[in-house]
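1. quick check, what structure comes out for this input:
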Amino acid sequence: MMEIHISPHLKELVPNLKVGIIQYEHIEVGESPQMIRGRLQTFQESLFFDLEDKPVTDVEGISAWRQIFKQVGTDPNRYRPSVEAIYRRIQKQNFLSSIHSAVDLNNFFSMQYEIPIGIYDTTKIKGDIEIRIGQSSDEYMAINGRVISMKDKMLSSDETGAFGSPYVDSERTAVTTDTKHAIQIVYLNPSLQEDSCKNLLASLGAMFTQVHGGSAKSFLVM
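-> Prediction:
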């Protein structure tokens, strides 16, 4: 059973940090059902109109995560929380297209709750997970095809090294249509109360397994 913890240094810098974990077993990932693709498109169209009169940085969840980036030493104007990057794409009407059911739902949840969320294939993770701040030696090939330095950025790492972040995730642990076991790391809004966090995680897990089958188990790491 893998253990997941937040490093003492990160806790010191962001005392109210709450991270949700959802572990999925025996899921089936494939092409997104029409319902998911339709909801993804409709939600983005709705957001596009909302953002016509509102700066992205005024969105509550995005503002909260920009503040966390500052607290850990990341310049949010240069390295944006993943959810902010999505919102900025939508603001330019550069909507996300369907990739597969797991990524599509992950993006939908991220947009809906205004938070960064990562999803990873657990068979590609070695040993326990630590959520910490990157050192100068931390880097990886990201899902955008670029090698990213993770120095002074919040990241998740296993025995092999860094693999995920509320900034951008790695190719190494990416979920594919072959994935049967996955883990979602949900970077919660620190203002959310503990009970609300647990309810949110349970709701995400239920929606995900409704589409993918299998089972979900969730817990909070603080």
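2. can you tell me which helices and strands the longest helix anywhere in the chain packs against?
-> Counting residues, the longest helix found in the chain (DSSP state H) is helix 194-212. For helix 194-212, the packing partners by 3 or more C-beta pairs under 8 Å, 6 or more residues apart in numbering; DSSP states H and E come out as strand 19-25, helix 101-113, strand 182-187, strand 215-221. The way it works is simple: take the backbone N, C-alpha and C, and place the C-beta from them, glycine included.
3. packing partners of the shortest one?
-> In this case it means strand 182-187. Using 3+ C-beta pairs under 8 Å, 6+ apart: strand 182-187 touches strand 19-25, helix 101-113, strand 117-121, helix 194-212.
4. tell me which of those is the most buried.
-> strand 117-121 (a mean of 24; mean count of other C-beta atoms under 10 Å).
5. show me what that strand is packed against.
-> Partner elements for strand 117-121 (3+ C-beta pairs under 8 Å, 6+ apart): helix 82-91, helix 101-113, strand 162-164, strand 182-187.
6. roughly how far apart are the residue located most distally from the centre of the chain and residue 13?
-> Here the centre of the chain is the reference, and by C-alpha atoms, centre = their mean the most remote residue is residue 53, at 26.2 Å. Distance, residue 53 to residue 13, by C-beta to C-beta, to the nearest Å: 34 Å.
7. same deal with residue 27?
-> 34 Å.
8. ditto for residue 68
-> 9 Å.
9. looking at those two, which is more packed in?
-> residue 68 (22 against 15; other C-beta atoms under 10 Å).
10. is the more buried one within a helix or a strand, and which one?
-> Residue 68 belongs to helix 60-72 when assigned by DSSP states H and E.
11. who touches that helix?
-> Outside helix 60-72, the residues that touch it by C-beta atoms under 8 Å, 6 or more residues apart in numbering are 10, 13-14, 17, 56-57, 75-76, 79-81, 83-84, 87, 113-116, 133, 152-154, 166-167, 187, 189-191.
12. next: stretch 201-214.
-> So stretch 201-214 is in contact with 20-22, 24-29, 33, 36, 101-102, 105, 109, 180, 184, 186, 215-220, going by C-beta under 8 Å, 6+ apart.
13. and with 7 Å instead?
-> 20, 22, 24-29, 33, 36, 101-102, 105, 109, 186, 215-216, 218 (C-beta atoms under 7 Å, 6 or more residues apart in numbering).
14. picking up where we left off before, distance to residue 94 and mean pLDDT for the helices and strands packed on strand 182-187 - can I get that in JSON lines?
-> Below are those laid out as JSON lines (distance: least, C-beta to C-beta, whole Å; pLDDT from 0 to 100):
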{"stretch": "strand 19-25", "distance to residue 94": "28", "mean pLDDT": "97"}
{"stretch": "helix 101-113", "distance to residue 94": "13", "mean pLDDT": "96"}
{"stretch": "strand 117-121", "distance to residue 94": "20", "mean pLDDT": "98"}
{"stretch": "helix 194-212", "distance to residue 94": "25", "mean pLDDT": "96"}
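15. for these, which one sits closest to residue 6?
-> strand 19-25 (6.6 Å; C-beta to C-beta).
16. adjacent strands (with direction) for the closest one?
-> strand 182-187 (antiparallel), strand 215-221 (antiparallel) (DSSP bridges).
17. now do the buried residues in the last one.
-> Put plainly, it is strand 215-221. 216, 218, 221 (16 or more other C-beta atoms under 10 Å).
18. what is the nearest of those to residue 5?
-> Nearest to residue 5 among those: residue 221, at 6.5 Å, using C-beta to C-beta.
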